[in-house]
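In: Sequence and predicted structure below; questions after.
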Amino acid sequence: MSTGAGGARGDDDMSAQDRFEQWREVIGRTRECEATSAHAADFTGQVRRVELGPVALFGSSFQSARFRRDERMVRRSDAELYHLTLLTSGCQEIGRGADQRETFRPGDLSFIDSSHPYDSLVYGVGRAGRGEPRVGGVGVDLPAALLPVRPQQLRDLLGRRLSRREGPGALLGEFLLGLDRQAPNLRPADGPRLGAVLVDLVAAWLARELDAETALPSETRRRVLVENVRAFIRQNLHDPDLTPATVAAAHHVSVSYLHRLFTQEARGETVAAAIRAQRLRKAHRELADPALRAVPIHAVAARCGIPRAAEFSRAFKNAYGLPPREHRHRALAEPGGG
């Protein structure tokens, strides 16, 4: 499901130039352009490519690079793809035509297509004592035909700096970062479903930028609402009063509609079950965290929205087969567990 190109320091199995060529080959599978780097001779870039059905996801980190696609390349071959990039570190400059040039900072989203020329320069920004400057980001390549928005409507967004800090952009950014983190754990069967959700989130984000949410298909709006609900639950797990009713109220829908929608889109899982499962997963992670070893178990449970110790212990054992205390002991006793 995923492929990667190495570049870790100390890797003696491959020369820097070979690492660069392999990195460029992975990028070029869906981004046909001229990719160059001033660091090709000492390249330490990394890239992971994950196929989510017809959608490709990239997570990458490197010193600097330039990506150019000219008129000749467009005329020779156009796969009619959109390229979306969330910058997580460094800077990006994108030029389109003679007079359009934008600078992107961490947290910005860029959106370009394969049907028009572009010139993109990405580079790390150094800080004293922080080591070599690097650029990092998560990218998505998706066929234009998958979006329920006409290409003509999107022309003014191409190459522009777009924020992910609120609304659908924030949800899209969070989903991209989560996909990149979980990429090693994804199974082939997960790809098409996650790709469909990603396309819906991109469509909702673009429709918001165009002030055209009502033009989205009802199925897209439903799936985006479910992802909004999931994000809301994750952000409010600490609240013991987080219930299906509060979730429904926050999203201006009835409890019955929320239950029906969530059950359809979440393969039968109810909202209450999703809240409970996410609370227990959060507690499971925190109990295994060496940095939290001094936090009492009942305090961890309360941080996850389960203030009653007996209820937490019973639910945790039912979910994971052992009491919270034993899970913490085993996790912290393992090598690397502190």
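Out: Nice, I can see it. Small disclaimer: the values here were computed from a predicted structure and weren't measured. Numbers count the residues shown, from 1 in each chain.

In: what's the closest non-adjacent residue to residue 124?
Out: Of all residues not flanking residue 124 in the chain, residue 133 sits nearest, at 3.0 Å (C-beta to C-beta, 6 or more residues apart in numbering). The way it works is simple: take the backbone N, C-alpha and C, and place the C-beta from them, glycine included.

In: The one you found: what secondary structure?
Out: Secondary structure state of residue 133, per DSSP: H, G, I helix; E, B strand; the rest coil, is coil.

In: Kindly report the same for the one 3 residues further on.
Out: Assigned state for residue 136: strand (three-state reduction, three-state DSSP).

In: remind me, longest helix of the protein?
Out: Counting residues, the longest helix found in the chain (DSSP state H) is helix 190-209.

In: which parts of the helix or strand hosting residue 273 are buried?
Out: In the assignment (DSSP states H and E), residue 273 maps to helix 271-287. Residues of helix 271-287 classed as buried by neighbour count (16 or more other C-beta atoms under 10 Å): 271, 274, 275, 278, 279, 280, 282, 283, 284, 286, 287.

In: Which strands and helices lie in contact with that helix?
Out: Applying 3 or more C-beta pairs under 8 Å, 6 or more residues apart in numbering; DSSP states H and E, one finds that helix 271-287 makes contact with helix 218-235, helix 244-250, helix 255-265, helix 297-303, helix 309-320, helix 324-333.

In: will you turn these into TSV that also has mean neighbour count and mean pLDDT?
Out: Shown next, in TSV, are the helices and strands packed on helix 271-287 (neighbours: other C-beta atoms under 10 Å; pLDDT from 0 to 100):
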stretch	mean neighbour count	mean pLDDT
helix 218-235	17	84
helix 244-250	17	91
helix 255-265	16	85
helix 297-303	19	94
helix 309-320	15	94
helix 324-333	16	91
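
In: Could you dump the ones you listed into JSON lines and include distance to residue 50?
Out: Converted to JSON lines, the helices and strands packed on helix 271-287 look like this (distance: least, C-beta to C-beta, whole Å):
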{"stretch": "helix 218-235", "distance to residue 50": "18"}
{"stretch": "helix 244-250", "distance to residue 50": "30"}
{"stretch": "helix 255-265", "distance to residue 50": "22"}
{"stretch": "helix 297-303", "distance to residue 50": "32"}
{"stretch": "helix 309-320", "distance to residue 50": "28"}
{"stretch": "helix 324-333", "distance to residue 50": "28"}
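
In: just so I know, which of these lies nearest residue 107?
Out: Among the helices and strands packed on helix 271-287, helix 218-235 comes nearest to residue 107, with 16.7 Å by C-beta to C-beta.

In: List the contacts of the closest one.
Out: 148, 168, 171, 174-175, 196-197, 200-201, 203-204, 213, 216, 242, 247, 250-251, 253, 258, 261-262, 264-266, 271, 274-275, 278 (C-beta atoms under 8 Å, 6 or more residues apart in numbering).

In: ok so, going back, give me the contacts around the longest helix of the chain.
Out: Contacts of helix 190-209 (C-beta under 8 Å, 6+ apart): 1, 50-55, 57, 82, 84, 109, 111, 140, 142, 146-149, 154, 157, 162, 167-169, 171-172, 175-176, 179, 186, 213, 215-216, 220-221, 223-224, 227.

In: Could you check how far that helix is from the centre of its chain?
Out: Counting by C-alpha atoms, centre = their mean, to the nearest Å, helix 190-209 is centred 11 Å from the centre of its parent chain.
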